[in-house]
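Peer 1: Got a sequence here, can you model it:
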Amino acid sequence: MPNLVGIWSPGLTQESVERALDAQLQRVRVPGTAYSDYVAASQGFGMALQDHGLLENGAQPAYGDDRAVALLLDGEVSNASELRQKFSADLPERPLSPPELCLHLILRRGAEVAAFFSGFFCIAVYDRRANRLSLISDRYGARPLYYVRRPGAMLFGSELKALARIDPSPRRIDEVGLAELFCYGTHFMDRTWMEGYLRLPPASILSVAAHGFEMRRYWSYRYDESAAALDQATYATVFAVLLDRAVERCMRGSKRIGVFLSGGYDSRSVVAALRSHRIPIPAFTFGLPESRDVRFAAMLAERIGLPHRVLNQTGKYLAHNCPAIVWRTEGMMTFANATSIQWHATLKKQIDIILTGFLGEFSGSHTWPQLLAARSRRAAIGAIFRRFLQPRKAVAQMMFQPTFVGRVFAAVTDNFQRSFESVEVEHPLNVADCWNFLHLQPRGTFHAPAVDRHRFEMRAPHTDNDLVDFLLTIPPYARLEQRVYKKMIASSFPQIRDVPCTNSGRPVDPHFLREYAAMVGAYVAQKSAVALSASFRRRRSLGREFRDLGEDFRAEPELVEQLRSLMDSEILPNTVFRREGIEQIIKEHYENARSHEHTIGLLISVGLAMKFFLHDDLSGVPDEMYAV
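Peer 2: Numbers count the residues shown, from 1 in each chain. Next up is the predicted model:
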């Protein structure tokens, strides 16, 4: 991943600033990867960007006319040509690189102009005259940027390790953040598992200067509940037109583009929207041959005309890849959700940029019975709590010390409630969808690609501003179980309509009532089959999963040895973690009484991250990830 790093500390000399930047860049550097290091340093401030050049932004920093203002762009702005036309009166006539374009617009219109920037990016702007630093995240917080405030200073970087490397203060566990991670699988709002280390929220501008610290939002993920209703056919038609434009924007540049193709709606709609002159591009699917993803993706690739390769691990792969994954993802997720690292060398032979269906959920509301029954905002929040927090709370209480549970769990619940303060809608389905994209997606979906980004970049057409702005006008009844989405696919891409979907195992059916009745019947049958399989200890078919992760964990008992080593050394401190409870979780999983692969994977991930980033013990970090 390109890495943005920096330090704001008015008391430091320029030489000290440059040494700090060099230490940060060295800590995040991946051996064997070619980078350009772009640096802006002065007394009291410095920032640097480690750029692999895949996004073709050109040389940086961009400077204002008097060189008093400097800007670094990590990521890309995908609608640069449209911005040049829209704001032509504010721009010079000469050609501008993307960083120069961003800087000119920010200087003329203010940092809030970022609301018009489409794409995944982090921007750092420093005004030397005012000694003011501004950090700007994209709408969705897709590219992580962390910061920590210290007396008279602020450190920032794309990775926690960049901050930890130069942080003069003791590093500690954030107990509430740690509990959130195990109760929910990620963090609410801006927290991490490291005390004081915060993540820049989506669509945010953080400014720090001698007079203080300010955080403000420039855009809100919010459904327009007063928008005029259109008919279903119009929604579907406009959706298809805007998706076509979004996919075409993602195909620009000279780098090699490939696609991760599953059997779901999101990636299929992306490849179906490829214009004929863009075909073929290579398509890749992860999974076992009998999984729905592999079977249905192969059908999609054949219909559209894409060369297709299935990437299927054979034998043990978890323990071997675990340290490298944790070094990149830093304990912010279970390592088992990012095992594509084993295929990087293979993928790099063909592609530089990965086209994905990420955030196709914008186009539809995913429901469950309690949410459908909710008739108020308060009831929706309760339904979300019962779905996302309650199931994991019992397991978390097993593995934590009772004293830890007593002092922390109330704060976790309180943080959950406060996370809805930024959700500015009332309809229950809108509440659930907005909360999902403000909290779940940035803290879950976007950590996995961090493993890939030192070699690859990612583009997601479903996050295009024009498309999202339109989707936010669609009322809940039309989004329910992706009604408009399915209608769009069926009407605009009929060649793939009859290819079954991974989730349902059925072809795309735009007739909602008929499909919904079939879904309910399938859900009841699935639950019955699961119960029957459990009774007779039969192995269930993969269904919508592309692998049997629980069985994969059971096949690698060395993972348990690694976890026990972390407990024996008290890297996982016994003041927080309860050994007896963790042993019970291990026993239940490996005796196939219950499935705890998520909890075990998260324990190992957090333990290794604590070893690397709290204790500065880098033993076990693979040489290909970091050269000590």
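Peer 1: What distance do you get for residue 202 to residue 142?
Peer 2: Applying CB to CB, to the nearest Å, the value for residue 202 to residue 142 is 8 Å. Backbone N, C-alpha and C define where each C-beta goes, glycine included.
Peer 1: what's near enough to touch residue 387?
Peer 2: Taking CB atoms under 8 Å, 6 or more residues apart in numbering as the definition of contact, the neighbours of residue 387 are 368, 370, 371.
Peer 1: out of those, which is most surrounded?
Peer 2: For the contacts of residue 387, counting by other CB atoms under 10 Å, the largest number of neighbours falls to residue 371: 20 neighbours.
Peer 1: lowest confidence element among the helices and strands of this structure?
Peer 2: Lowest on mean pLDDT, DSSP states H and E among the helices and strands of the chain sits helix 512-536, with a mean of 54.
Peer 1: gap between the helix or strand following it and the chain center?
Peer 2: Beyond helix 512-536 in the direction of the C-terminus, DSSP states H and E gives the next helix or strand as helix 549-554. Its chain's C-alpha centre and that of helix 549-554 lie 24 Å apart, by CA atoms, centre = their mean, to the nearest Å.
Peer 1: Need the contact partners of helix 549-554.
Peer 2: By CB under 8 Å, 6+ apart, the list of residues contacting helix 549-554 from outside reads 317, 318, 336, 539, 559, 589, 590, 592, 595, 597, 600, 601.
Peer 1: mean confidence score for it?
Peer 2: Helix 549-554 comes out with an average pLDDT of 93.
Peer 1: buried ones in it?
Peer 2: Of all the residues in helix 549-554, those buried under the rule 16 or more other CB atoms under 10 Å are 549, 550, 552, 553, 554.
Peer 1: what do you get for stretch 312-324?
Peer 2: Along stretch 312-324, the positions that meet the burial threshold by neighbour count (16+ other CB under 10 Å) are 313, 317, 318, 319, 321, 322, 323, 324.
Peer 1: now, which of those residues lie within helices?
Peer 2: Mapping the buried residues of stretch 312-324 onto helices (DSSP state H) picks out 318, 319, 321, 322, 323, 324.
Peer 1: Tell me which residues touch the second one, please.
Peer 2: Listed by CB under 8 Å, 6+ apart, the contact set of residue 319 reads 556, 558, 559, 562.
Peer 1: Please apply the same query to the fifth one.
Peer 2: The contact partners of residue 323, by CB under 8 Å, 6+ apart, come to 608, 620, 621, 622, 625.
Peer 1: Burial check on the fourth one, number of neighbours?
Peer 2: For residue 622, the count of nearby residues is 14 (other CB under 10 Å).
Peer 1: Identify the residue spatially nearest to it, adjacent ones excluded.
Peer 2: Distances taken as CB to CB, 6 or more residues apart in numbering place residue 324 nearest to residue 622, at 4.8 Å, with adjacent residues excluded.
Peer 1: surely residue 274 meets residue 300?
Peer 2: No - taking contact to mean CB atoms under 8 Å, the distance of 11.6 Å between residue 274 and residue 300 leaves them out of contact.
Peer 1: tell me the secondary structure for the residue nearest to residue 617 when sequence neighbours are not counted?
Peer 2: Leaving out its chain neighbours, the residue that sits closest to residue 617 by CB to CB, 6+ apart is residue 611, at 4.9 Å. Per DSSP: H, G, I helix; E, B strand; the rest coil, the secondary structure class of residue 611 is helix.
Peer 1: isn't residue 611 right next to residue 621, touching?
Peer 2: No - look at residue 611 against residue 621 with CB under 8 Å: they stay out of range, at 9.4 Å.
Peer 1: Between these two, tell me which one has more neighbours.
Peer 2: Neighbours per residue (other CB under 10 Å) separate residue 611 from residue 621, with residue 611 holding more: 23 against 18.
Peer 1: which helices and strands does whichever helix or strand residue 487 is part of pack with?
Peer 2: When elements are assigned from DSSP H and E, residue 487 belongs to helix 483-492. Using 3 or more CB pairs under 8 Å, 6 or more residues apart in numbering; DSSP states H and E as the contact definition, the elements that helix 483-492 packs against are helix 232-250, helix 265-272, helix 476-479.
Peer 1: okay, those, which one's buried deepest?
Peer 2: Ranked by mean neighbour count, the helices and strands packed on helix 483-492 are led by helix 265-272 with a mean of 24 (mean count of other CB atoms under 10 Å).
Peer 1: Next, the angle from that helix to helix 483-492.
Peer 2: For the pair helix 265-272 and helix 483-492, the angle between their directions (axes from the mean of the first three to the mean of the last three CA atoms, to 10 degrees) equals 30 degrees.
Peer 1: What is helix 265-272 packed up against?
Peer 2: Using 3+ CB pairs under 8 Å, 6+ apart as the contact definition, the elements that helix 265-272 packs against are helix 232-250, strand 257-260, helix 292-304, helix 483-492.
Peer 1: can you list those in JSON lines and add distance to residue 432 and mean pLDDT?
Peer 2: JSON lines is the format used below for the helices and strands packed on helix 265-272 (distance: least, CB to CB, whole Å; pLDDT from 0 to 100):
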{"stretch": "helix 232-250", "distance to residue 432": "20", "mean pLDDT": "95"}
{"stretch": "strand 257-260", "distance to residue 432": "26", "mean pLDDT": "96"}
{"stretch": "helix 292-304", "distance to residue 432": "25", "mean pLDDT": "95"}
{"stretch": "helix 483-492", "distance to residue 432": "16", "mean pLDDT": "92"}
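Peer 1: Now distance to residue 189 too, for the helices and strands packed on helix 483-492, in a markdown table please.
Peer 2: What follows is those, written out as a markdown table (distance: least, CB to CB, whole Å):
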| stretch | distance to residue 189 |
| --- | --- |
| helix 232-250 | 29 |
| helix 265-272 | 26 |
| helix 476-479 | 25 |
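Peer 1: ok so, going back, right, and the residue nearest to residue 622 touches residue 341 too?
Peer 2: Yes - applying CB under 8 Å, one finds residue 324 in contact with residue 341, separated by 5.9 Å.
Peer 1: Give me the common contacts of those two.
Peer 2: The contact lists of residue 324 and residue 341 share residue 451, where a contact means CB under 8 Å, 6+ apart.
Peer 1: Just give me the residue right at the centre of this protein.
Peer 2: When CA atoms, centre = their mean is applied to the chain, the residue found nearest the centroid is residue 446 (1.0 Å).
Peer 1: For that one, list the residues it contacts.
Peer 2: By CB under 8 Å, 6+ apart, residue 446 lies in contact with 140, 141, 142, 143, 144.
Peer 1: Go through these and name the one nearest residue 245.
Peer 2: residue 140 (18.7 Å; CB to CB).
Peer 1: Excluding chain neighbours, give the residue nearest to residue 203 in space.
Peer 2: For residue 203, the nearest residue in space outside its immediate sequence neighbours is residue 219; the separation is 4.2 Å by CB to CB, 6+ apart.
Peer 1: would you say that neighbour is within a strand?
Peer 2: No - Residue 219: not assigned to a strand; according to three-state DSSP it is coil.
Peer 1: any idea how far it lies from residue 418?
Peer 2: Following CB to CB, the distance that separates residue 219 from residue 418 is 20 Å.
Peer 1: who has more neighbours, those two?
Peer 2: Just comparing residue 219 and residue 418: by other CB under 10 Å the higher neighbour count belongs to residue 219, 18 against 11.
Peer 1: can I assume the more buried one is in contact with residue 205?
Peer 2: No - with contacts defined as CB under 8 Å, residue 219 does not count as touching residue 205, sitting 10.3 Å away.
Peer 1: got any residues that touch both of the two?
Peer 2: residue 114.
Peer 1: and residue 382, what is it in contact with?
Peer 2: If you count contacts by CB under 8 Å, 6+ apart, residue 382 has them with 370, 374.
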